[in-house]
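> quick check, what structure comes out for this input:
(one chain, ligands or ions: 2)
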Amino acid sequence: MDDLILIKYGELTTKKQNRKTFIKLLADNIKKILDGEEFNIKFDRVRMYIECNNVDSVVNKLKKVFGIHGIVICHKVNTNIEDIKLKVLELLKKETFNTFKINTKRADKTFNIPSMEVNNIIGGYVLKNLNTKVDVKSPDILVTIEIRVEGTFIYTNEIKGLGGYPVGIQGKGMLMLSGGIDSPVAGYLSIKRGVDLECLYFESPPHTSIEAKNKVLTLARIINEYSGNIKVNVIPFTKLQEAIYINVPDNYVITIMRRMMYRVSERLAKKHKCKVIINGESIGQVASQTLTSMAAINSVTNFPVIRPVACMDKLEIIDIAKKLNTYDISILPYEDCCTIFLPEHPVINPDIDKCIKYESTFDYEALINECIDNVEVITNLKEDKSDLL
Ligand code: ATP
Ligand code: MG
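Ligands and ions are numbered 1, 2, ... in the order given. Model (predicted):
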């Protein structure tokens, strides 16, 4: 294979004792995402090397892998000083810079010119052919020449990787995924920190449409590009939601509905061995997200709930959503179960005792069981046909 890509691990290097597990998982994740490409992967404590044939396509895929700090495309030449000279000059001619430095690493000791001398020969050749200067302390451009048994690899620029941790290092989280802007961003940020996601979506047909569901699946598919094996649990919420509207005073329906969502989410999270629930709540965004509301809603469970966008402004969340390409999908106008029958004056300081009193008027446990028993599980998002883009 002709091309070689070098992967730098980034934040992994700080995790000494877990290093091996991290690197092995990163390699596994890379193998999964490169499925269908011709490639070979090798790694040690500091680096990973990928040999491949289709470098552009491979690099594009690697840009979506968390745990990669830097991606470097190496150019392979035969190990002789003339070929190295020509390749270095060719690469530098494409760049704009004032100063440079050559850094040679000679792993193949059968090559009989020592590293320092290679630096001098190649540096001298560049100086003769280009209007530039050497700066060994902080060059604008650093040319690395790695002389290895299988050939010599030359590289300059580093493409920035996504950073974060390899997906799965933290185990699984259950993302409450709606069609809105916030929850896909919350999911993406959790994946970034190594959480493997499973999603759940509450639908209330016929009050919510098939388009609303397809929108959620499309969002799931976009974040799945960073994760790979996301499942979506679609929960039939109609009966439970209708029971709430019949039995609970208007101003408390949203609070109670969200308490029910948390109860169902906890049950499903435990069933699927998730360690946390994740959602897109953001402090103060709506009546159900005041700190008092969040406390009243959260009080139905001891299960940990992570809110990655809790302290972000809406505009900051939108920025990420736009970069992620979820924004244009999220703003499509299909109603979610949270937006149907919105009360005019939802309570902003709900009282937990009142919540408990209103809930005691109907048998919600039976309805929660029904939700759990009738979940529709959607796997294989890669083959999802509900493309709204
Ligand atoms: P928006 O971006 O418009 O605020 P949202 O999805 O954040 O949309 P909210 O009403 O703010 O909507 O809901 C808060 C959080 O509750 C969501 O981020 C999501 O995690 C969860 N949630 C809301 N509706 C649903 C639903 N139908 N299914 C699953 N989770 C939901
Ligand atoms: Mg929101």
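> and residue 277, how close does it get to ligand 1?
Counting by CB to the nearest ligand atom, to the nearest Å, the separation of residue 277 from ligand 1 is 9 Å. Yep, even glycine has a C-beta here, placed from its N, CA and C like the rest.
> pretty sure that residue sits in a strand.
Yes. Assessed by DSSP: H, G, I helix; E, B strand; the rest coil, residue 277 belongs to a strand.
> wait, isn't it in contact with residue 304?
Yes. Taking contacts as CB atoms under 8 Å, residue 277 lies within contact range of residue 304: 7.1 Å.
> looking at the two, which is more packed in?
Higher neighbour count among residue 277 and residue 304: residue 277, with 23 against 12, using other CB atoms under 10 Å.
> where do the helices sit along the chain?
19-33, 55-62, 81-93, 115-129, 182-192, 210-224, 238-247, 253-271, 291-298, 314-324, 327-330, 352-359, 364-373 (DSSP state H).
> so of those helices, which one's packed in deepest?
Mean neighbours per residue, mean count of other CB atoms under 10 Å, is largest over these for helix 182-192, with a mean of 25.
> who are the packing partners of that one?
Here helix 182-192 touches strand 172-176, strand 196-203, helix 210-224, strand 276-278, helix 314-324, going by 3 or more CB pairs under 8 Å, 6 or more residues apart in numbering; DSSP states H and E.
> rerun that using 10 Å as the cut-off
For helix 182-192, the elements it packs on are strand 159-163, strand 172-176, strand 196-203, helix 210-224, strand 276-278, strand 305-306, helix 314-324, helix 327-330, judged by 3 or more CB pairs under 10 Å, 6 or more residues apart in numbering; DSSP states H and E.
> contact partners for the residue in the stretch 151-300 of the chain that ligand 1 sits nearest to?
Residue nearest to ligand 1 within the stretch 151-300 of the chain: residue 180 (1.9 Å; CB to the nearest ligand atom). When contacts are counted by CB atoms under 10 Å, 6 or more residues apart in numbering, residue 180 touches 215-216, 219, 280, 317, 321, 326, 330-331, 336, 338-339.
> what about ligand 1: which of the residues you listed touch it?
Subset of the contacts of residue 180 in contact with ligand 1: 280, 336, 338, counting by CB under 6 Å from any ligand atom.
> neighbour-wise, which one of these leads?
In terms of neighbour count, residue 280 stands highest of the ones next to ligand 1 among the contacts of residue 180 at 24 neighbours, by other CB under 10 Å.
> for the stretch 101-250 of the chain, which residues are neighbours of ligand 1?
Residues of the stretch 101-250 of the chain lying near ligand 1 by CB under 6 Å from any ligand atom: 176-178, 180-183, 200-202.
> turn these into JSON lines, including pLDDT.
Below are those laid out as JSON lines (pLDDT from 0 to 100):
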{"residue": "176", "pLDDT": "98"}
{"residue": "177", "pLDDT": "98"}
{"residue": "178", "pLDDT": "95"}
{"residue": "180", "pLDDT": "95"}
{"residue": "181", "pLDDT": "97"}
{"residue": "182", "pLDDT": "97"}
{"residue": "183", "pLDDT": "98"}
{"residue": "200", "pLDDT": "98"}
{"residue": "201", "pLDDT": "98"}
{"residue": "202", "pLDDT": "97"}
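> widest-spaced pair of those?
Pairwise distances across these peak at 18.0 Å for 181 and 200 (criterion: CB to CB).
> just give me the neighbour total for the residue in the stretch 1-150 of the chain that ligand 1 sits nearest to.
Per CB to the nearest ligand atom, residue 66 is where the stretch 1-150 of the chain lies closest to ligand 1, at 20.7 Å. Using other CB under 10 Å, the number of residues around residue 66 comes to 25.
> is it true that it touches residue 170?
No. Using CB atoms under 10 Å, residue 66 makes no contact with residue 170, being 11.1 Å away.
> find residues that contact each of the two.
Common neighbours of residue 66 and residue 170 (CB under 10 Å, 6+ apart) are 191, 193-195.
> same list (the residues you listed) but as a markdown table, adding pLDDT.
A markdown table is the format used below for these (pLDDT from 0 to 100):
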| residue | pLDDT |
| --- | --- |
| 191 | 96 |
| 193 | 95 |
| 194 | 94 |
| 195 | 97 |
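> next, format the residues you listed as CSV and append distance to residue 100.
Formatted as CSV, the shared contacts of residue 66 and residue 170 follow (distance: CB to CB, whole Å):
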residue, distance to residue 100
191, 38
193, 37
194, 37
195, 41
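> filter these down to the buried ones.
The neighbour-count test (16 or more other CB atoms under 10 Å) marks 191, 193-195 as buried among the shared contacts of residue 66 and residue 170.
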